[in-house]
Every structure is written in C-alpha cells, then in structure tokens.
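Participant: Quick one: sequence plus predicted model below, questions after.
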Amino acid sequence: MKDVIQFLFRGRIEEVIQPLPNLTVLNWLRERKGATGTKEGCAEGDCGACTVLVGSLHSGKLEYRPVNACIRFLPTLDGTHLITIEDLMSDELLHPIQEAMVEHHGSQCGFCTPGIIISLFGLYLEKSRSNTGLTRKEIDDALAGNLCRCTGYGSIVSAAYDAFSSKRSGWVEKNIQETTSLVESIRPKKGVALDVHHQLYFAPTTLEHALGLVKAYPDATLLSGGTDIALQVTKRFDRLDKIIYLGQIEHLKSISKSNEGWTLGSGVTFSQMMGISDQIHPHLLATLERVGSVQIRNAGTIGGNIANASPVGDLSPLLMCLNAVLTLRTNEASRKLPIEEFFIEYGKTALRSGELIESIFIPRLPANSRFSSYKVSKRHDQDISTLLGAFRVDIDQGIIIKVIIAFGGMAEIPKRADNCEQALHQQPWSQAILASAAEQLSNDYSPIDDFRGSAKYRSRVAVNLLHRFWLEQANPEIPHRINYYPDNIVNDHA
Ligand SMILES: Cc1cc2nc3c(=O)[nH]c(=O)nc-3n(C[C@H](O)[C@H](O)[C@H](O)COP(=O)(O)OP(=O)(O)OC[C@H]3O[C@@H](n4cnc5c(N)ncnc54)[C@H](O)[C@@H]3O)c2cc1C
Ligand code: FES
Ligand code: FES
C-alpha cells in the first residue's frame, strides 16, 4: 500500500502525499491550488458550478466524464486525469465552446459559466469520439445538472450548437494518445492506505483485499461514487474517520452477460447501466435518465443506490420488478438475496457486519413480460422522486400468470404491493380487473405527507400510474411519452 496519490493535472503528474481523506477536489483546487475558476454553489451536487472533467481508463481507452468536484474526495482521483476550466485554452486561443459562449452572450453574472463550459466540453469530447450529429436532447441532458439563474439557457444552447459545428480541436483531443500513455503509467497497481490526523483511508485494488479491510474495520464507511456519503461531510460537517474506497476495484465495475441475464458489479455507475439498459428492457432508459444529472450518474453507482436503502432511491423498485438478486460477500462467504429481502425497515438492510454488495444479477425477462416504470418528481431533471412506480405482468393466453408491482416513495422502504398483486394474479388481463385491483393499493401503502407531496397525492398518483400502465400496454401504437424533441428538429437555434 502507498500513502501518495498521483493524477495528471495541468500537463504533469501531480503527487499528493498523505492527502486528507475528507478533502474534496473542489476545496483542494480552490484552497490549495488557488484554482478558483471552479466555483462552489451548493456543495451538494445540485448546481453544477463545481463541474470538472475526470478522465479514467476503460479497456485501454481514456474516457472523460463531468463530475461534481464538491462531492468527490481528493484521494479518489488516484490514477486519473483532472481537467478544470483553466485548462481549456490552448495556444492562447479559447476553446470553441468558450468562444461561442462569448459570441452568443452565454454568460451574464458568470458564476455558472465554468461549470456549464466543462459540461458542454464533456459532451464535445463524447461527440468527437462517436462522430454523430448533435441533438437538442443531448444538449439539454448535458446541461440538466448546471443551474443558471441569469441567462434562461437560450443563449447557452445557441452557443453549444455553434461550438459543436466548429472543426477546430483543442489540446485534449489532439494529445489523446500521449495523455492515455501518461494515465496508463500512473494506473494504481498498489492500493492506497492513508492515516492523516487520525483519519484512515484505504483504496484497495482487489475485492479480496477490500473484504479483508471490511473485516478488520467493520465500522468503516464504504465509499463508492460518494454522491450520498460526501454530503455527510459537506452538508452535515461530519468527519469520516475510516473510509474504504471501492472505486479502484475493476471487478466491481464489470458487466457480464449470459443466456440467463446480466451481472452488474456493484460499482457500475448509472451512466454505465444506461449503456446496456436497452438490452434488459427498452423502457428502463426513460427512468434511468431521470436519476440526478449527468454528473451524478457518472459518479453514483448502483450498489450505492441499493445500499443506502433510501425509500425514494430510484433503482430498487425497478430491480424488484426484474427479479434482481444481490450477491453479498464477506471475506469468508458469499450469499444470494432477492433484492426485496434486502430492505428491512427505514435505514436498516440485510447487510451484515463485514459484508458488502458484490454484484446484482438481472434475469432476462420472458417474451410474455410487460414492464414499465414511471418517476414522478417536481422537476423533470435533477430531482428526487415523490414516488416511483414499477410494473410487470407476465401474460399467458390473456391470464396474468406473474405480477410484480413495486413503489418507491410510498413506504419507509422500497416495497412491493402484495395485496394489489394478489388481486391480479391468475386474473384476466383487463382494464376492469386492474381498476378493481388498484383499490388494494390503499391496503398496501400508508404514505406520508412531506414537502415532496401529501399522502393523499401519493395514493392518488399510485392508482393513476397503474392505470397508465394499462393504457400504455393496451395501446402500444399511441405515443405515451411527451416528446420534446421531434426527430426533424436538429438545430432550432441556428
Ligand atoms: C444532486 C443529487 C441528485 C440525486 N438524484 C438522485 C435521483 O434522482 N435518484 C436516486 O435514486 N438517487 C439520487 N441521488 C442519490 C445518489 O446519487 C444515489 O443514491 C447513488 O446511486 C449513490 O451511489 P454512490 O456510489 O454515490 O454511493 P455512496 O455515496 O458511495 O454510498 C452510498 C451508501 O452505500 C454504501 N455502499 C456503497 N457501495 C457499497 C457496496 N458495494 N456494498 C455495500 N454498501 C455500499 C455506502 O457505505 C453508503 O452507505 C442524488 C444525489 C445527489 C447528490
Ligand atoms: S457546488 Fe453545486 S454541484 Fe458542486
Ligand atoms: S450567468 Fe449568472 S448564473 Fe448563469
């Protein structure tokens, strides 16, 4: 184990000896490096003012992803390339995105501007790799995690279209091979072990090593993407005295496919899962792309989403409908657990001391399955669910032979609707049967009133979502999702 981290920064390898485990990348940049271009707005991953690009190697390729520097701990940068707003100019020239933002008056007070430019730069790099045309939806998705209170976004969207039509590349694109070799040279082979001011931090590179550490330090905080955990430091001002970071373990980030289904390592991010979600079911993507923002989905992992056991976590109801099975591992043993048995009560899961989530298995849906899920929140993007309903019925000769209905936001844990399911099982697949079974939802759930919605609202919407499921399944030819992006509109700001 080593007590130093290395990452590429400003064209050279930056070595930080014994970095403070709770120090965020944002605070390191602003307070230690005087790099104040990256701003702090909210310190909780919401506003995007702190957006930076982190490049890391995936199957030998360097991929850059926008993330929130305010909720990323510095030691987790080991073996990566960090790019901030100060890096974008080359040969005294602004990057095409910066030029276009000036040209289109995309900045007023300027506070959000560095984050916005970095988010667009992330998309710019992605598009330069894929060589496909730019769509309005891609711009909106890229900007969903960047709040601007001044411009109204019109000028920023115009700037994006303009910049992406430029043929000029910046230094990042030109130097990609050389940079890939440099990042390869600092790839962490040994794990990191830090003991700074009595704060312990471990970043093992193998699962076996991680399990040994979890056994030795059962009270340590397991850290994956940090999009939940880091807020304990930045908002509650807690000190995390023992951290075991799982993000350097390749095995946990892997996805494999067999005839039976898909096995996703617990460290697979939402962005990674979106890349294969179509194979699992075409309706999955619509819900996955409503999780947080691009920055949050690039960092947040599926294991972290399940383990935090939030009643409004978006993934668990979907995984319940898909009959997902968790593999839980200790140093000595491994056990399988259907996901619905993982949640016991608010804040309590079936995870035992010394155990972590290794992977999630998602079986293939049979051909006679119908599945859909709906997230309801106050804002379309970057918002936590008021409730989320996931529905699945397997139908044989007009009879429902299997039914799973699961909701988030309706109980203290993500939970199946047992009574409603019973009312549907072995019944004909019909609107009348569904309407009558929907009445059972009031026996399944006693939701609470909170700032996201009243109990009455939640109960009513749950019934409506089941009705919506029927309408969509019965009328697949009718478009049922609002399409803001007609196919023929490529550039409505030209
Ligand atoms: C701005 C913002 C927006 C968000 N929007 C959404 C949203 O729309 N929908 C949604 O569902 N969530 C949302 N979240 C919450 C969060 O992003 C997700 O829950 C995310 O999936 C957590 O994963 P992580 O890797 O970041 O977890 P971490 O923060 O690293 O960890 C979360 C918890 O899981 C534990 N843990 C992590 N990995 C493992 C493992 N392998 N085994 C056992 N325990 C483990 C940790 O100890 C911790 O208790 C949002 C968060 C923010 C900050
Ligand atoms: S400061 Fe707001 S997202 Fe980081
Ligand atoms: S320009 Fe002021 S917040 Fe965006």
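Facilitator: Thanks, I have the structure now. Ligands and ions are numbered 1, 2, ... in the order given.
Participant: for the record, mean pLDDT for whatever helix or strand Phe469 lives in?
Facilitator: Assigned by DSSP states H and E, Phe469 belongs to helix 455-474. Across helix 455-474, pLDDT averages out at 96.
Participant: Output the contacting helices and strands for it.
Facilitator: strand 369-376, strand 387-396, helix 431-438, helix 441-444 (3 or more C-beta pairs under 8 Å, 6 or more residues apart in numbering; DSSP states H and E). (C-beta placed from N, C-alpha, C; glycine too.)
Participant: Low-confidence regions, the stretch 351-494 of the chain specifically.
Facilitator: Residue ranges of the stretch 351-494 of the chain with pLDDT under 70: 480-494.
Participant: per-domain residue ranges of this structure.
Facilitator: 4-86+178-245, 89-169, 254-474 (automatic domain parsing).
Participant: Tell me if the first one is near ligand 1.
Facilitator: Translated: domain 4-86+178-245. Yes - remark: domain 4-86+178-245 sits within contact range of ligand 1 at Glu44, Gly45, Asp46, Thr221, Leu222, Leu223, Ser224, Gly225, Gly226, Thr227, Asp228, Ile229, by C-beta under 6 Å from any ligand atom.
Participant: Now which of the residues you listed would you call buried?
Facilitator: Neighbour-count burial (16 or more other C-beta atoms under 10 Å) applied to these gives Gly45, Asp46, Thr221, Leu222, Leu223, Ser224, Gly225, Gly226, Thr227, Asp228, Ile229.
Participant: In terms of pLDDT, where does the last one sit?
Facilitator: The pLDDT attached to Ile229 in the predicted structure is 97.
Participant: need the contact list for it.
Facilitator: Thr221, Leu223, Leu240, Gly304 (C-beta atoms under 8 Å, 6 or more residues apart in numbering).
Participant: Please name the nearest non-neighbouring residue to the residue nearest in space to the middle of the chain.
Facilitator: With distances taken as C-alpha atoms, centre = their mean, the chain has Arg297 as the residue nearest its mean C-alpha position (2.3 Å). Spatially, and ignoring its direct neighbours in sequence, Arg297 is nearest to Phe270 (3.7 Å; C-beta to C-beta, 6 or more residues apart in numbering).
Participant: any idea how far ligand 2 is from the residue lying farthest from the centre of the chain?
Facilitator: Most distant residue from the mean C-alpha position of the chain: Gln397, 38.7 Å away (C-alpha atoms, centre = their mean). According to C-beta to the nearest ligand atom, to the nearest Å, Gln397 stands 52 Å off from ligand 2.
Participant: okay, the contacts of Ile229 in a markdown table with secondary structure next?
Facilitator: A markdown table is the format used below for these (DSSP: H, G, I helix; E, B strand; the rest coil):
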| residue | secondary structure |
| --- | --- |
| Thr221 | strand |
| Leu223 | strand |
| Leu240 | coil |
| Gly304 | helix |
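Participant: Closest one to Ser446 out of those residues, please.
Facilitator: Closest to Ser446 out of the contacts of Ile229 is Gly304 (27.9 Å), distances taken as C-beta to C-beta.
Participant: Contacts only, for Gly300.
Facilitator: Gly225, Thr227, Asp228, Thr269, Phe270, Val291, Gly292.
Participant: ok, now how distant is the closest residue to the fourth one other than its chain neighbours from Val192?
Facilitator: Pointing back at Thr269 there. Leaving aside its sequence neighbours, Thr269 sits nearest to Thr301 (C-beta to C-beta, 6+ apart; 5.5 Å). Distance from Thr301 to Val192, counting by C-beta to C-beta, to the nearest Å: 19 Å.
Participant: what do you get for Phe342?
Facilitator: Phe342 is 30 Å from Val192, by C-beta to C-beta.
Participant: And Gly226, by the same measure?
Facilitator: 15 Å.
Participant: cool, Ser56 as well?
Facilitator: Distance, Ser56 to Val192, using C-beta to C-beta: 15 Å.
Participant: go on, Val4?
Facilitator: For Val4, the distance to Val192 equals 8 Å [C-beta to C-beta].
Participant: of these two, who's got more company?
Facilitator: Neighbours per residue (other C-beta atoms under 10 Å) separate Val4 from Val192, with Val192 holding more: 24 against 13.
Participant: sorry, back to before: can you tell me which of the buried ones among the residues of domain 4-86+178-245 next to ligand 1 is nearest ligand 3?
Facilitator: The closest of those to ligand 3 turns out to be Asp46 (C-beta to the nearest ligand atom; 13.4 Å).
Participant: The closest residue to the closest one other than its chain neighbours and Gln295, how far apart?
Facilitator: Ranked by C-beta to C-beta, 6+ apart and with sequence neighbours excluded, the top spatial neighbour of Asp46 is Gln382, at 6.6 Å. Here the criterion is C-beta to C-beta. By it, Gln382 lies 9 Å from Gln295.
Participant: list residues touching both of those two?
Facilitator: Both Gln382 and Gln295 are contacted by Gly145, under the criterion C-beta under 8 Å, 6+ apart.
Participant: More neighbours: which of these two?
Facilitator: Using other C-beta under 10 Å, the more surrounded residue of Gln382 and Gln295 is Gln295, with 33 against 21.
Participant: got a list of what the more buried one touches?
Facilitator: Gln295 neighbours (C-beta under 8 Å, 6+ apart): Gly45, Gly48, Thr51, Pro66, Val67, Asn68, Ser119, Gly145.
Participant: need those residues in JSON lines with secondary structure, can you?
Facilitator: Formatted as JSON lines, these follow (three-state DSSP):
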{"residue": "Gly45", "secondary structure": "coil"}
{"residue": "Gly48", "secondary structure": "coil"}
{"residue": "Thr51", "secondary structure": "strand"}
{"residue": "Pro66", "secondary structure": "strand"}
{"residue": "Val67", "secondary structure": "strand"}
{"residue": "Asn68", "secondary structure": "strand"}
{"residue": "Ser119", "secondary structure": "helix"}
{"residue": "Gly145", "secondary structure": "coil"}
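Participant: Show me the two of the residues you listed that sit farthest apart.
Facilitator: Based on C-beta to C-beta, the longest span within these runs between Gly45 and Ser119 and measures 13.2 Å.
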